[in-house]
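>>> Sequence and predicted structure, then a few things I'm wondering about:
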Amino acid sequence: MHARGAARVRRAGRPPTAAVLMLLVLLTGCTSAPEPSGKGRWRPEPGIGWQWQLSGRLDPTVDVPVYDIDGFEHKASAVADLHRRGRKVICYLSTGAWEEFRPDAGKFPASVRGKSNGWEGEYWLDIRRTDVLEPLMERRIEMCADKGFDAVEPDNMDGYRNRTGFPLTAADQLRYNRLIARIAHRHGLAVGLKNDLGQIPELEPDFDFAVNEQCAQYGECEKLTPFVKAGKAVFHVEYELPVARFCAGSRRLGLSSLLKKYELGVWRQECPKGRT
């Protein structure tokens, strides 16, 4: 049961009887502990500058307030260094695909590993199997918290729209994505919705920001508006369009946009200030 759904118990009218009060106490004891209120959680605002670097030697000198880096590849000292430089730091993790090169890869049974997601050594996960995946993802997100990260970018969160090898549904994806958001929040971390544009209306309240690839190339950036209207950042990259093709639209929509190369190294190109 969702915690939100369990709150609507009392109605106007006579005070509850002793028996009803006892039942409420028992029911409360059966529910999970409340999640953090979110008051102390980082909430990036629309238009904030950022750097996304997932390969190569980390360059901490880019003068932007937000860095998004690989959670496994970097130690707590790298996160602390970025914090000393005034940056907030997002922990990149794959939560919807198995990566054969990660140190915990052997803990994922073959039964939850499906077809390739198009990247070498990566395979879609059967997100219906939360009995297996929840403790594994809990440990990954806890690792990010222990290293001092401010947020999590969970990747491969739209398997239901791909050929995964499993009969995943939109409902399966909603359930899993919300699970990942709850885990991040339990550890005091902000969490971003990666791509999954079709489910933004349902999932925006559960996430603190969004991360998107190539919405301009495919004419989909307007679908990210719910995040911006809610005062939440949308971190956006294009790979194949020149900045002149998307920066004006990005500014109009309030996106934090970059041009990057597919390997997501140090190189980046920001949108020029003012008109393009």
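On my side now, so go ahead. Residues are numbered from 1 along each chain as shown.

>>> Which strand runs longest in the protein?
strand 88-94 (DSSP state E).

>>> Now find how far off-centre that one is within its chain.
Distance of strand 88-94 from its chain centroid, counting by Cα atoms, centre = their mean, to the nearest Å, is 8 Å.

>>> Tell me the secondary structure at the closest residue to V79 other than its chain neighbours.
Spatial nearest neighbour of V79, excluding adjacent residues (Cβ to Cβ, 6 or more residues apart in numbering): G148 at 4.4 Å. Backbone N, C-alpha and C define where each C-beta goes, glycine included. Following DSSP: H, G, I helix; E, B strand; the rest coil, we place G148 in the coil state.

>>> What of E153?
With three-state DSSP as the basis, E153 sits in strand.

>>> list the contacts for it?
Counting by Cβ atoms under 8 Å, 6 or more residues apart in numbering, E153 touches D68, I90, C91, Y92, L93, G192, K194, V211.

>>> Could you measure from the last one over to Y92?
Counting by Cβ to Cβ, to the nearest Å, the gap from V211 to Y92 is 9 Å.

>>> hey, what's in contact with both of these two?
Taking Cβ under 8 Å, 6+ apart as the contact rule, V211 and Y92 both touch D68, E153.

>>> The longest strand of the chain packs against which elements?
strand 66-70, helix 76-84, helix 130-146, strand 151-155 (3 or more Cβ pairs under 8 Å, 6 or more residues apart in numbering; DSSP states H and E).

>>> and these, which is most packed in?
Of those, the one with the most neighbours on average (mean count of other Cβ atoms under 10 Å) is strand 151-155, at a mean of 25.

>>> partners of that strand, with directions?
Using DSSP bridges, the strands paired with strand 151-155 are strand 88-94 (parallel), strand 190-194 (parallel).

>>> most tightly surrounded among those?
Among the strands paired with strand 151-155, strand 190-194 has the highest mean neighbour count (mean count of other Cβ under 10 Å), at a mean of 26.

>>> State the next helix or strand along the chain beyond it.
Using DSSP states H and E, the helix or strand that follows strand 190-194 in sequence is helix 200-203.

>>> just how off-centre is stretch 208-217 within its chain?
On the basis of Cα atoms, centre = their mean, stretch 208-217 sits 11 Å off its chain's mean C-alpha point.

>>> now do stretch 243-259
With Cα atoms, centre = their mean as the basis, stretch 243-259 stands 21 Å off its chain's centre.

>>> re the thing from before, tabulate the strands paired with strand 151-155 (TSV), appending distance to Y218 and mean pLDDT.
TSV is the format used below for the strands paired with strand 151-155 (distance: least, Cβ to Cβ, whole Å; pLDDT from 0 to 100):
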stretch	distance to Y218	mean pLDDT
strand 88-94	22	98
strand 190-194	15	98
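
>>> Distance to G265 added to those, as CSV?
Conversion of the strands paired with strand 151-155 to CSV gives the following (distance: least, Cβ to Cβ, whole Å):
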stretch, distance to G265
strand 88-94, 14
strand 190-194, 19
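
>>> nearest to L241, of the ones you listed?
L241 sits nearest to strand 190-194 of all the strands paired with strand 151-155, at 19.6 Å, using Cβ to Cβ.

>>> Send me the closest one as CSV with only the CA atoms.
In CSV, the C-alpha atoms belonging to strand 190-194 read as follows (Å, rounded to 0.1, in the frame of the first residue of the first chain):
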residue,chain,number,x,y,z
ALA,A,190,17.4,14.2,-4.4
VAL,A,191,16.5,12.0,-7.4
GLY,A,192,16.0,12.8,-11.1
LEU,A,193,13.7,11.2,-13.6
LYS,A,194,15.8,10.1,-16.6
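
>>> the inter-axis angle of it versus strand 66-70?
Calculated by axes from the mean of the first three to the mean of the last three Cα atoms, to 10 degrees, strand 190-194 forms an angle of 70 degrees with strand 66-70.

>>> okay, the angle between strand 190-194 and helix 130-146?
Here the directions of strand 190-194 and helix 130-146 differ by 120 degrees (the same axes, to 10 degrees).

>>> List the contacts of strand 190-194.
By Cβ under 8 Å, 6+ apart, the surrounding residues in contact with strand 190-194 are 41-44, 90, 150-158, 177, 180-181, 184-185, 200, 203-204, 206-212, 227, 235.
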